[in-house]
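In: sequence unknown, structure follows:
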């Protein structure tokens, strides 16, 4: 299939964005966008980003440093700010790992990149079904942001695509395995740049997803 349209993909290096990359790469010429924002696993996530781009032959890569997140703080996902909390798996309270308006800021930059390169779509791996209570991972937020992107750009036709939004982690794993996603090049742990801690909420969600889907996580082999 000949790829004609351009698309931006927010590629963190996590299993969700890697799955979206596999889906989008079949149809679009992709510009991969990655952010360093002083997160605890910044080094590992960046390594995964490069590995995934190489695997899927993504030629255009843009890496952006968002150092201001360190300055404003407010999240235990950032280095030097408290400890990552124990898993809670509840939605009644936003956890301390929430980075203030992270997706909104990243989508804003992605919109600017899309406008600059005349890309029609922005892909991201937001998941609402298994999310940790982050308000900027919800359908309502994404759809309203898309409206702003259409109004505030030269293109005025940018669409934000979140194909995993309503899937569970096990459904994502099953879809990714069928697509041949190299999950050995992805990272989910909140705590470590070396081996998954298997204690944080993100690790346990990933572990549960693979287990329920009936597959072995390649990071644990």
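Out: Thanks, I have it. Note that the coordinates shown come from a computational prediction; the quantities given were computed from them, not determined experimentally.

In: for the protein, which spans come out with low pLDDT?
Out: Using pLDDT under 70 as the threshold, the predicted model of the chain has low-confidence ranges 1-2, 4, 89-92, 130-132.

In: strand partners of the longest strand seen in it, parallel vs antiparallel please.
Out: Among the segments of the chain that qualify as a strand by DSSP state E, the longest is strand 29-36. According to DSSP bridges, strand 29-36 has the following sheet partners: strand 6-10 (parallel), strand 60-65 (parallel).

In: tell me which stretches of this protein form helices.
Out: If DSSP state H is used as the criterion, the helices of the chain fall at 15-24, 42-55, 68-72, 102-116, 139-151, 169-179, 201-213.

In: most packed of these?
Out: Of those, the one with the most neighbours on average (mean count of other Cβ atoms under 10 Å) is helix 15-24, at a mean of 24. Every residue, glycine included, has its C-beta placed from N, CA and C.

In: what lies in contact with that one?
Out: For helix 15-24, contacts defined as Cβ atoms under 8 Å, 6 or more residues apart in numbering pick out 7, 9-11, 30, 32, 48, 52, 56, 58, 121, 123-127, 161, 163-164, 172-173, 175-176, 179-183, 185-186, 188, 206, 209.

In: returning to what we had before: can I get the helices of the chain in JSON lines with distance to residue 194?
Out: As requested, the helices of the chain are arranged in JSON lines below (distance: least, Cβ to Cβ, whole Å):
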{"stretch": "helix 15-24", "distance to residue 194": "18"}
{"stretch": "helix 42-55", "distance to residue 194": "8"}
{"stretch": "helix 68-72", "distance to residue 194": "22"}
{"stretch": "helix 102-116", "distance to residue 194": "24"}
{"stretch": "helix 139-151", "distance to residue 194": "33"}
{"stretch": "helix 169-179", "distance to residue 194": "22"}
{"stretch": "helix 201-213", "distance to residue 194": "13"}
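
In: nearest to residue 84, of those?
Out: Set against residue 84 and scored by Cβ to Cβ, the helices of the chain come closest in helix 201-213, at 8.2 Å.

In: need the residues that contact the closest one.
Out: Contact with helix 201-213 is made by 15, 85, 87-89, 95, 97, 130, 132, 168-174, 177, 188-190, 196-198, 216-217, 220, as judged by Cβ under 8 Å, 6+ apart.

In: let's see it at 6 Å
Out: Defining contact as Cβ atoms under 6 Å, 6 or more residues apart in numbering, one finds that helix 201-213 is touched by 87, 130, 132, 169-170, 173-174, 188-190, 196-197, 217.

In: where's residue 3 relative to residue 70, distance?
Out: Distance of residue 3 to residue 70, computed by Cβ to Cβ, to the nearest Å: 37 Å.

In: kindly report the same for residue 209.
Out: On the measure of Cβ to Cβ, residue 209 and residue 70 end up 30 Å apart.

In: got the angle between the longest strand of the chain and helix 102-116?
Out: Relative orientation of strand 29-36 with respect to helix 102-116: 140 degrees, computed using axes from the mean of the first three to the mean of the last three Cα atoms, to 10 degrees.

In: now the angle between helix 42-55 and strand 29-36, please.
Out: Relative orientation of strand 29-36 versus helix 42-55 (the same axes, to 10 degrees): 170 degrees.

In: contact partners of strand 29-36?
Out: 3, 6-11, 42, 49, 53, 58, 60-66, 106, 110.
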